[in-house]
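1. Compute the structure for the input listed below.
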Amino acid sequence: MEIGLIGLPNSGKTTIFNALTGRAAEVTTYTDATSKPNIAVVDVIDERITRLSEMYKPQKTTYATVQFVDFAGLARDVEGKVSFPDASIGMMRNVDTLALVVENFPNILGEASSPLDDIEQMETELLVSDLIVCERRLEKIALSHKRGQKTPASQLEEGILRKIQDCLNDGGRVTEIDLGRDEKKMVSGFQFLTGKPLLIILNSSEDTFGKNRDLLEEIGKNHTVIEFAGTFEMELPLLDDEEKQLFMEDMGIKESARDRLTRSAYELSNSISFFTVGADEVRAWNIREGQSAVEAAGAIHSDLARGFIRAECFSYDDLIACGSEKGVHDKGRFRLEGKDYIVKDGDILAIRFSV
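-> A predicted model of the protein is given here:
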C-alpha cells in the first residue's frame, strides 16, 4: 500500500511524515515546487504475523509494508492561489490512498487556521485536476470520431468519461459514481485523484490535541478523519520506550501515529491481509477486500496466478483455536478453494499451481 501525504504550504506534512516513519526529513516554512518527495517504506506490525512466526519459527518473517510519500506542498502564485506542482501530479496518481494534512494551529504569522476551508480548497484542486484530464481525453476522442475512427470501445469510453465529467462539474468525486467492473477497468489508467480514498489528518498543536470534538465531528460528516499532534509525535521516536509510554499516556494517545494511520487507511481503502506460512518464511500480503484466490495468488507472483490449480486454505483464527495445522485438519477446518473463492482477512493460503 502506498499513501501520499498532501496539503497546503506549512500544514505540517513533513512533520507528520517524520512522525509516521521515524525519519528526520527537513521541515521548512516554504514550498519548493521542484523538490523531490520524501519517501519511506515501513513495516505494518501485525500481531498475527508475530504469533505465526512464534509458531512456525521460520528463517524469515516479513510484515506487510506501507510506503509513505510526502509530496511538496501546493505552490502559491502572486495572487495567493494554490496549485499542485506539475512534478507531483503524476506521482500522486500512482498512490493508493491520499492523506490530506490540514493545520489546526496558528500559522507563522500567529493567525488561526481554518481546517474546513483548507479541506474545501484542497478538494477543489483535486477535482479541477481530474476535470482537466477528463476534458483532454474527451477532446481526443471527439477528434478521432470526427476523422471516422469511431469504435464500440471509444464510444463506451466516451460515455463513461461524460458521466465522470458531469459528476465533477457538479462538485462530486469519482468515488461517488456507480461504475460497473468493466467500466472501472476501462478508466482505471487515468488514476483520477478523486477516485482514490481520501483520509483527513487534523494536525493539531500539543495544547489543543484531544479538544477538537466538534471540529472532528464536522469533518467526519464527509470524510474519515484522525487527529495527530504532529510536532509532539515527531519527537516521540527520540525517546526511550518508558519515556515514550509516559508521554503518550499524558497526551491520551494509545497507539503510534503509524498504527493509527495505517489502520484507518486499510479500512478506507478496503484492504485486507492474508498470510503464507512455512519453515522458510511467514509473510503478510495486502489485497483489496473482494478479491479472489487467483488475484491473491497474483499478488505473490504472476506465475502462481497463471498456473493456478487451487488454494489450500484455513483461517488464522481457526489455527489459533485448534493449536496447530494438524488440529485444523482434525477438526475439519482445512479447505480446498478454487480460483473464484473470495479471500477473507486473516486467511492462510498455500497456492498449488502448474506452469
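
2. How is the protein divided into domains?
-> Domain segmentation of the chain under automatic domain parsing yields 2-44+63-112+196-268, 126-194, 290-353.

3. Using JSON lines, please lay out those domains together with distance to residue 282, mean neighbour count and mean pLDDT.
-> Using the backbone N, CA and C atoms, a C-beta is placed for each residue, glycine as well. Shown next, in JSON lines, are those (distance: least, Cβ to Cβ, whole Å; neighbours: other Cβ atoms under 10 Å; pLDDT from 0 to 100):
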{"stretch": "domain 2-44+63-112+196-268", "distance to residue 282": "9", "mean neighbour count": "17", "mean pLDDT": "81"}
{"stretch": "domain 126-194", "distance to residue 282": "32", "mean neighbour count": "15", "mean pLDDT": "91"}
{"stretch": "domain 290-353", "distance to residue 282": "10", "mean neighbour count": "16", "mean pLDDT": "95"}
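
4. mind checking which of those is nearest residue 275?
-> Minimum separation from residue 275 across the domains of the chain (Cβ to Cβ) falls at domain 290-353, 4.8 Å.

5. Just give me how far the closest one sits from the chain centre.
-> Distance of domain 290-353 from its chain centroid, counting by Cα atoms, centre = their mean, to the nearest Å, is 25 Å.

6. roughly how far apart are residue 272 and residue 316?
-> Applying Cβ to Cβ, to the nearest Å, one obtains 12 Å for the distance of residue 272 from residue 316.

7. what touches both of these two?
-> residue 346 (Cβ atoms under 8 Å, 6 or more residues apart in numbering).

8. To residue 57, which of the domains of the chain lies closest?
-> When the domains of the chain are compared by Cβ to Cβ, domain 290-353 sits nearest residue 57, at 13.0 Å.

9. From one end of the closest one to the other, what's the distance?
-> Distance across domain 290-353, first residue to last, is 22 Å (Cα to Cα, to the nearest Å).

10. can you check stretch 297-317 too?
-> Taking Cα to Cα, the first and last residues of stretch 297-317 lie 21 Å apart.

11. now do stretch 220-235
-> The straight-line separation of the ends of stretch 220-235 (Cα to Cα) is 27 Å.

12. let's number from 38 now, not from 1
-> Sounds good: first residue 38 from here, last item stretch 257-272.

13. Roughly how far does the residue most central in space within the chain sit from residue 261?
-> Nearest to the geometric centre of the chain sits residue 134, at 3.1 Å (Cα atoms, centre = their mean). Residue 134 is 10 Å from residue 261, where distance means Cβ to Cβ.

14. what is in contact with the two at once?
-> The contact sets of residue 134 and residue 261 overlap at 234, 235, 236, 305 (Cβ under 8 Å, 6+ apart).

15. quick one, helices of the stretch 238-387 of the chain?
-> Listed in chain order, the helices of the stretch 238-387 of the chain (DSSP state H, counting those that start in this stretch) span 250-257, 267-272, 278-288, 294-305, 330-337, 339-343, 353-359, 362-367.

16. Dump those to a markdown table, plus distance to residue 174.
-> Below are these laid out as a markdown table (distance: least, Cβ to Cβ, whole Å):
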| stretch | distance to residue 174 |
| --- | --- |
| helix 250-257 | 32 |
| helix 267-272 | 38 |
| helix 278-288 | 48 |
| helix 294-305 | 27 |
| helix 330-337 | 28 |
| helix 339-343 | 29 |
| helix 353-359 | 44 |
| helix 362-367 | 51 |
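
17. Quick check: which of those is nearest to residue 122?
-> Here helix 267-272 is closest among these (Cβ to Cβ), at 21.9 Å.

18. Report the beta-bridge partners for residue 313.
-> Per DSSP bridges, the residues bridged to residue 313 are residue 320.

19. Give me the pLDDT for it.
-> At residue 313, the pLDDT value in this model is 96.

20. Show me what the helix or strand where residue 128 lies is in contact with.
-> According to DSSP states H and E, residue 128 maps onto helix 123-129. Contacts to helix 123-129, defined as Cβ under 8 Å, 6+ apart, come from residues 41, 43, 70-71, 73-74, 106, 108-109, 121, 135, 166, 230.

21. next one: stretch 271-290
-> Outside stretch 271-290, the residues that touch it by Cβ under 8 Å, 6+ apart are 52-53, 55-56, 59, 243, 246-247, 266, 269-270, 291, 293.

22. give the contact list for residue 373.
-> Contacts for residue 373 (Cβ under 8 Å, 6+ apart) come out as 347, 348, 349, 350.

23. Which of these fall in strands?
-> Counting by DSSP state E, the part of the contacts of residue 373 found in strands is 347, 348, 349, 350.

24. what angle sits between the lengthiest helix in the chain and helix 250-257?
-> For the chain, the longest helix by residue count, based on DSSP state H, is helix 152-183. Relative orientation of helix 152-183 versus helix 250-257 (axes from the mean of the first three to the mean of the last three Cα atoms, to 10 degrees): 10 degrees.

25. and helix 152-183, what does it pack onto?
-> Under the contact criterion of 3 or more Cβ pairs under 8 Å, 6 or more residues apart in numbering; DSSP states H and E, helix 152-183 touches strand 39-44, strand 119-120, strand 134-141, helix 189-206, strand 235-241, helix 250-257.

26. hmm, 6 Å instead?
-> Judged by 3 or more Cβ pairs under 6 Å, 6 or more residues apart in numbering; DSSP states H and E, helix 152-183 is in contact with strand 134-141, helix 189-206.
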